[in-house]
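> Quick one: sequence plus predicted model below, questions after.
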Amino acid sequence: MPRSTRSLACEETASGHAVGDVLGLAAGVAISPLPIVAIILILATPRGRPNGTLFLVGRILGLALLGAIMLTVGGSGGASTNKHPATWVGILKLVLGELLALFAARQWRRRPADPAEAQLPKWMAAIDRFTPPKVLGLGLLLSAANAKNAPLTIAAGASISAAGISVPQQIGALAVFVCIASLGVLAPLTVHLFMGERARSILGTWRNRAARHNVAVMAALFFVLGLKLLGDGVSILVT
């Protein structure tokens with residue numbers, strides 16, 4: 001096989017590995033209950049359709065911005081010359097894994113004995129009075145500035161940076177991450193746009209389930225993904 005062909009095949013393989021490495025992290029961001037509840041409440045307001053779209057845009061921008069910052073910080077130093085992740089990537093994943101494990105323990109201790117007693121943040125009661133800029137800002141805050149989802153996005157950026165792939169391939173892998181991570185918010189908006197009268201009952205059911213199981217879902221999610229990041233970090237540092 002010619003060298004250029006082998007090189008191209010290696011780059012495609014590395015790019016595929018980078019995408020595969022962030023799929024679980026993206027799924028973790030996507031199923032975060034709080035943003036799902038937020039957009040369902042937004043869709044129930046008089047300006048539900050445009051504000052729901054703005055919320056989705058804010059979420060996509062927030063995830064893309066945080067991921068892009070991580071790629072810029074990592075740059076070409078995310079991987080060594082032999083495509084093995086740099087030491088700082090392993091350390092970062094260890095730190096993020098420990099952070100998620102702590103979040104998981106905290107969430108589990110705070111879970112209500114009866115899921116029906118679960119309470120939503122007080123600001124959600126005023127969501128029907130949010131102006132379009134506030135809705136856009138809320139989308140940004142619940143993605144890039146969210147203390148629970150931001151570690152997953154940072155870890156995804158570090159994984160992509162550590163893959164040793166070209167900038168266009170990094171951008172492509174980040175785009176895949178952002179698209180999958182946004183599905184949890186996109187799904188209610190799609191139902192609202194295309195399901196007509198049935199949308200209200202469907203979204204109501206989703207909202208109630210997400211609110212009821214928010215704490216337990218996030219605890220389990222953080223624990224699993226925290227263990228994954230800890231394992232990745234240890235693997236990088238001992239190899």
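That came through, no problem.
> Taking the centroid of this protein, which residue is nearest it?
Val29 (2.8 Å; C-alpha atoms, centre = their mean).
> if I've got this straight, that one is in a helix?
Yes. Using DSSP: H, G, I helix; E, B strand; the rest coil, the secondary structure at Val29 is a helix.
> ok, now which ones touch it?
The contact partners of Val29, by C-beta atoms under 8 Å, 6 or more residues apart in numbering, come to Leu63, Ser143, Asn149, Leu152, Thr153, Ala181, Gly184. In short, each C-beta sits where N, CA and C put it, glycine included.
> So which of these is the closest to Gly52?
Gly184 (13.2 Å; C-beta to C-beta).
> Does the closest one lie in a helix or a strand, and which?
helix 183-194 (DSSP states H and E).
> what packs against that helix?
helix 3-30, helix 33-43, helix 48-74, helix 198-212 (3 or more C-beta pairs under 8 Å, 6 or more residues apart in numbering; DSSP states H and E).
> Next, the angle helix 33-43 makes with the last one.
I take that to be helix 198-212. 150 degrees (axes from the mean of the first three to the mean of the last three C-alpha atoms, to 10 degrees).
> Check whether Leu66 really touches Ala150, as I assumed.
Yes. Using C-beta atoms under 8 Å, Leu66 makes contact with Ala150 at a distance of 6.4 Å.
> Need the residues touching each of those two.
With C-beta under 8 Å, 6+ apart as the test, Leu66 and Ala150 both reach Ser143, Ala144.
> Cool, thanks, signing off.
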